Structure formats: structure tokens, C-alpha cells
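*Asks:* I'll drop the sequence and a predicted model, then ask my questions.
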Amino acid sequence: MAFQKIVGGAFLLGGSTLTTVLGLSQIIDYRAKKVGLSCVEASEVLNREYPENELPRRETQLFTLQTTKEFDVLIVGGGATGCGCALDAVTRGLKTALIEREDFSSGTSSKSTKLIHGGVRYLQKAFTNLDYEQYKLVKEALRERANMLQIAPHIAKELPIMLPLYKWWQLPYFWAGIKMYDFLAGSLCLKHSYFLTKSRAVELFPMLKKEKLIGAIVYYDGQHDDARMNLAIALTAARYGAAIANYVEAVKLLKCTDPETSKQYICGAECKDVQTGEIFEVKAKCVINATGPFTDTLRQMDDIGVKKICEPSAGVHVVLPGYYSPEAMGLLDPTTSDGRVIFFLPWEGMVIAGTTDRPTEVTAKPIPHEEEINFILNEIRNYLSPDVEVRRGDVLAAWSGIRPLVSDPNSKDTQSISRNHVVTVTDSGLVTIAGGKWTTYRVMAEDAIDSAIKACNLTAKHPCKTTGLLLDGTHNWSPTLHIRLVQYYGLSTEVARHLAHAYGGRAFEVAKLAKVTGKKCPLVGKRLVADFPYIEAEVIYAMKEYACTAIDILARRTRLSYLNVQAAEDALPRIVEIMAAELNWSEKRIKDELKAAQEFLYYEMGYKVRSDQLRNTEINLSPLDVDRYKKRFQMFDDNDKGFITIVDVQRVLESIGYQVDEKTLHEMLTEVDINKNGQVELIEFLQLMSAIQNGSVSGSRLAILMKTAEENLCRQNPIPVSRSGGGL
């Protein structure tokens, strides 16, 4: 088998098929560069004239949508592709509107692997299956990768990714493939791939399994904060004059009749403001469907009998503590047990691992499942050293995203479905852009607007200008911007780096809103939660970026819920408090926001699977352990009730001279209170300790508190209790 792979790889890399493909590729590249020169020149003019005016308020955007007689294009969908369409259209001089049922990037676009890449696995399929369409996709994505790194350097960066080798045949096979990946990028190659010896690979990635390791290949791709990138595209479109609004749903497509042909055509949409329930119409010469997984829903709104073109596929990711990986080196598992690939990447101080791939039903709120989380963890164990115990309890967050793949009638499963995008136009003029991948959002938008202009007889003032068009926050950004933030405003270095990364040149606007901490260092920038660089000023600024709910801030203006769901829950009350003061929320709205955000964290960000882990844990403790934990429990259980309450915990803490506020104690007990009766019973405590021992739960704050209190009572020498970040 190994010999066949080597021979097959050599044949593909050396045969006439490759020569022909590469020859065609160079011709295509040459023609694309000639066409692209005018686009680059046009974007340079726009970059020099970038509007620095204040963003229109959401109320102003809604007013524009309601009162404009007719737009040229109305885009439905505020993900990467939809916002890309809005930016492309408005910079061509078209009167542009965009609506999104939830928040910008609330769907698939915020739930990716965070890579900007050509697709190593697609290149492998292109050659092994002689699939020229897959090859074109990789070429296109590599061009777009370079463009994204150029237009938003504060959000996107290069990332080296290690491909460990454990069999000798893998060395020539993967070496040839990765070198081809470099070659196809041409002058846009980020950095050239290279080989590492076993000792050097372990030095750079100490967590790597050493047994049977031959060496490793390192190649480069891009990485970004997907939600912030999506938002930057949307805000850029808004600054150029597009009327964009989140929480506006298209409930019906409007149709007019051509007086000459008596043919019906789409002329807008009936819309609903989800926040207020208000219904209004938005007229447009062309409606573009960029709704991702919901592509067929809008197409069926136009024609109930239309054949579906979207094959939704669910992919789960998990987030682990940062110590699982080096800070600046990712890992690729190219041969998982079921033939997929798993990425293991440092991201925002943590480690993201994924993804799975299975057919799914379309839903606005996908949830991660335990079997998918365990699949990822088991694959990780195959590549990490036995010294690194991969524990289920170390999962800090988990989410599921739905990929809107375009169906292929010849494919047997979603893994073989291509990421190529398609543009369709119905008889009534509905333009649909579907499929594709995050990296190719810009060219997808370009193709969609080209089709819209042709199908709906629109008159554009300019050609496409989005190649090289800098996104919001890029213009005043520099790699050393964080130093100025520290020096001018007294922010901590960690917070300053974060603001520069998330907001680019707009970071100064956030820093101006930051409040004094009351400490000597840092002087400014109150954090939402201790272990993360997000500050309260970002909540206020997020509302200027069209954040309408606490979930918008937890998930997409900051990325707290994607990094540590427990920390997100801790920050939630303060976020709601700030938003309520700014937006004059009623008590009912405050309660609704807290409930909605808690449900979001519980179901969509993996909190539920953590609770299920504890609930389903069998007590598997030795008699000595049971006796030890019973004695610890009884120290807190006043009068031998068989359960402990907040009052019991407070009593013990006061006896050792330590205080924890009642709200925090309530949170600690709630995490362990499986039957939700307001108290922790002995059986629940033993389940917790058993789950901690088997690794399915880690960092329980109550367990740490009780253990520390027990040690202090024994020594009668109080010491402070460090609060753990916890995990799922």
C-alpha cells in the first residue's frame, strides 16, 4: 500500500497530466493578473479616499432601508459572502442594501477553523482524483489568501503548521504535495515549507508524540479571527454607503409584473425588524440570496417546487487550554481514523481543534454532541506525547457550525463534496450565491455581483474594486500600534495587543472609552473577566458596531464564549449591566437578555455537554477515596443534613478568615447541583470527585475551594484560594 502511494504520487507529480494542468494554470494566472491590475489600481484610489466618517447608527440604517425608493441590490444574509457582496456592490457605485436575520457572522462565518487557506486536502483530492475543479479551487483560494492577509493585517496573520511523519513512505508523499502547494501559490507563497528532523520537531513542538516519529514538514497558511473579519467587511461596506442592518428578516419576496411580457419578477422583500416586530418593504432591482445553509429556504420562498442545491454538513470544534500547543505552531493530522483531517491550532491564547464532518439538518442553533467532541480528543491523543493527558474536562468551549456545501449528485458523502461555489439565477431574477469557503468570499461576491448586473440590467459605475481594498481598521494600523496604546492611555500590554489585533487603527477609539482601574498598573482598562484581555470599553464600542444583544458581544465582538464558556458566563452580568445603562433596557429586557445568553452558552457553546458529563458519571472511587471525600463533605455539612448550601460554605470560609461573595458561591454550587434543587447532596459531590479523577471534569471551583478549606482547617493557617478558570 505504501509503495502504491509513493508510485501514485510520483506518477501524478511527474506525468503529462500535471504538465498540462500547470501549463493551463500559468496561462490562467497570466490573464488573471492582467485583468487584476486595473482592479488593484482602482482599489488603491479607494484606499486613499477611505471615508473616516462616523458609522451611521442602526436606527439610521433602518430609516434608509424603509425610505429609499429603490435599491439596485438587496442582499439577504450577513455572513462573509453576503457582506462581501455588499462591499463589492457599493464600491462599484450600486445603491446597496443588506439585511441579516440575526447578527453579522452569527452563523457559519463565525464557527470556522479560523484558517485562511488554499486547502491542502483539496489539492490532494485534485491530483489523486484528477479533479481539475478542485485544483482550480486551490489556486483561487491561494490568491485570495494573499489578498486577505493584505487587506486586514491586524486581523489575519501567517501561521506555520506542522505535519508530523510516522512512516517512511509519508516523507516523499507529503513532501511532494506540500511543495506543490508552495509552487501553486507562486509569488504569493507566504513562506516556503521545510523539513524538520525528529529532534528539531520535538524541540519546536514538545507535546508531540516521539515514538516512531521520523520527522516533520512545516508549511504556512493564514489564520484570522473570523467573526471580526466578517464584521470588518460589513463595517467597510457601511462606511462606503451601503445600508446594512442586522436583526432584520426577509419574511417574503416581493414580486412585480412586467407590463410588456406579463412575467413576474422579484422586486424586493417584505422585511421584519426582529427587535421591534415592525414590518416594512425594501424595494430593489435585484435580490441576492447569500444565506449560507439557508440557501434553499429563500429559493423556495421564490419557488416552492425548486430543487435543493445545498448539502449542509456539521463540523464541531473544541477549545483547549493554551498549554496543549506552542504559541506559534499548529499541527495537522492528515490521516484520521475515518479519513478526515484534524487541525490543532493555537488561537487567541488557547488551542482550537477540529473539525468533524457529518450530514445534518439545517438549524439556526446547531449544538455540539459528545461523540464528536470525543472523536476529536481521541484523534489528538494519537499525536500527543503520553506525558500530555488529554482530558475531557479540559475542553473549555465547543461549538458546531453548518457548512453550506454545494451538492454533487455523484458524491456518496459530504467529505467528497467540493467547496466550489455556484451562482444561479431563477426565471424571476433571484440571484443565489452558494457553496465556496471562507477564504474565497471575495471572489464569490465578485461573481455574484457580475451575475446580478447581467441578469437584472444594472448599471455599475466602476468594475470590481475589492482586490486590495483595505478593510476597516487597516488604514492607521501598524505592527507597533499596541506600544502607542500603552504609552498614550496606560493600558496593560496584553490589553493593548488585543485591541490592536481586534480593531486595528480603530483601537484608539476603544481606548478613549476605557475607564480608570484604580490601580497603579494598569492605569486604564477595566477587564470584563480577569484572565482575558477584553475590557468594559469594548462593550460600549460594540454597540457602535451594531451589537444589539449580550450574545453579540460574548460571541462576535469579543470571542469570549468561543474561548472559555465559563469565563463568558462570569462576564455576562456586567455586559448586560453596561448595555442596559446605555440602551435604557427595562427589567424585563434585562432578564430576557440574561436568559437568552445563558441558553446560548448552555446549548451552542458546549455547557450542556459538560453538565451531561457530570450527570452521567458513575461513582468509581476506591473505599479509601470515598471515606476521604465523605469526611471533606461533612466538614461543610452542618447538622449532618446530607447536603450543603451556600450558608454552609460561607460558615466554613469565615472560620478560616476567607470571604467569597454570595453570587460567586451560588455560581460554584450551581455548577455541581445536578438536580437543580439549590443544594449539593453527598451523591452529587462524590460524582464530581469521581469525574475529576477520571478526567471528564477539571477545574471545578467548588472542589478546589473545599479542598483548600479542608487543608486550612487542618493547619489552622488561612491562605487565599486561587480561583480556577475551569473547563467543560
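*Replies:* Arrived safely.
*Asks:* Leu669 falls within a helix, correct?
*Replies:* Yes. Applying DSSP: H, G, I helix; E, B strand; the rest coil, one finds Leu669 inside a helix.
*Asks:* what's near enough to touch it?
*Replies:* Listed by Cβ atoms under 8 Å, 6 or more residues apart in numbering, the contact partners of Leu669 are 644-646, 649, 678-680, 702. Quick note: C-beta positions are derived from backbone N, CA and C, even for glycine.
*Asks:* Repeat the analysis, applying 7 Å as the threshold.
*Replies:* By Cβ atoms under 7 Å, 6 or more residues apart in numbering, the contact set of Leu669 is 646, 680, 702.
*Asks:* May I see the residues you listed arranged in a markdown table, with neighbour count, secondary structure and pLDDT as well?
*Replies:* Shown next, in a markdown table, are the contacts of Leu669 (neighbours: other Cβ atoms under 10 Å; DSSP: H, G, I helix; E, B strand; the rest coil; pLDDT from 0 to 100):
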| residue | neighbour count | secondary structure | pLDDT |
| --- | --- | --- | --- |
| Ile646 | 18 | helix | 79 |
| Val680 | 28 | strand | 80 |
| Leu702 | 21 | helix | 76 |
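*Asks:* Ignoring the adjacent residues along the chain, who's closest to Leu320?
*Replies:* The shortest distance from Leu320 to any non-neighbouring residue, by Cβ to Cβ, 6 or more residues apart in numbering, is to Val351 (4.5 Å).
*Asks:* so where does the one you found fall, helix or strand?
*Replies:* Using DSSP states H and E, Val351 maps to strand 350-354.
*Asks:* Next: Met543.
*Replies:* Assigned by DSSP H and E, Met543 belongs to helix 536-544.
*Asks:* Okay, and the beta partners of the residue nearest to Leu320?
*Replies:* Leu320, Pro346 (DSSP bridges).
*Asks:* my read: it touches Tyr323, true?
*Replies:* No. Using Cβ atoms under 7 Å, Val351 is not in contact with Tyr323, being 8.3 Å away.
*Asks:* Those two: which has the busier surroundings?
*Replies:* Val351 (25 against 11; other Cβ atoms under 10 Å).
*Asks:* where's the more buried one relative to Gly322, distance?
*Replies:* 6 Å (Cβ to Cβ, to the nearest Å).
*Asks:* and what of Ile75?
*Replies:* In terms of Cβ to Cβ, Ile75 sits 38 Å off from Gly322.
*Asks:* Same check on Ile288?
*Replies:* Taking Cβ to Cβ, one finds Ile288 at 40 Å from Gly322.
*Asks:* out of the two, which sits in the busier spot?
*Replies:* Neighbours around Ile288 and Gly322, counted as other Cβ under 10 Å, are more numerous at Ile288. The numbers are 30 against 16.
*Asks:* Dihedrals phi and psi, the more buried one?
*Replies:* Dihedral angles phi and psi of Ile288 (degrees, to the nearest 10) take the values phi -110, psi 130.
*Asks:* The helix or strand following the strand holding Val351 pairs with which strands?
*Replies:* The element immediately downstream of strand 350-354 (helix or strand, assigned by DSSP H and E) is strand 358-359. Looking at strand 358-359 with DSSP bridges, its partner strands are strand 310-320 (antiparallel).
*Asks:* Strand 350-354 and the strand it pairs with, what's the angle between them?
*Replies:* Counting by axes from the mean of the first three to the mean of the last three Cα atoms, to 10 degrees, strand 310-320 lies at 140 degrees to strand 350-354.
*Asks:* Please point out which parts of stretch 193-203 sit buried.
*Replies:* For stretch 193-203, burial by neighbour count (16 or more other Cβ atoms under 10 Å) applies to 193, 196, 198, 201-202.
*Asks:* Of all pairs in the residues you listed, which one is the farthest apart?
*Replies:* Greatest spacing in the buried residues of stretch 193-203, by Cβ to Cβ: Ser193 and Val202 (18.7 Å).
*Asks:* Mind checking what secondary structure Thr459 has?
*Replies:* coil.
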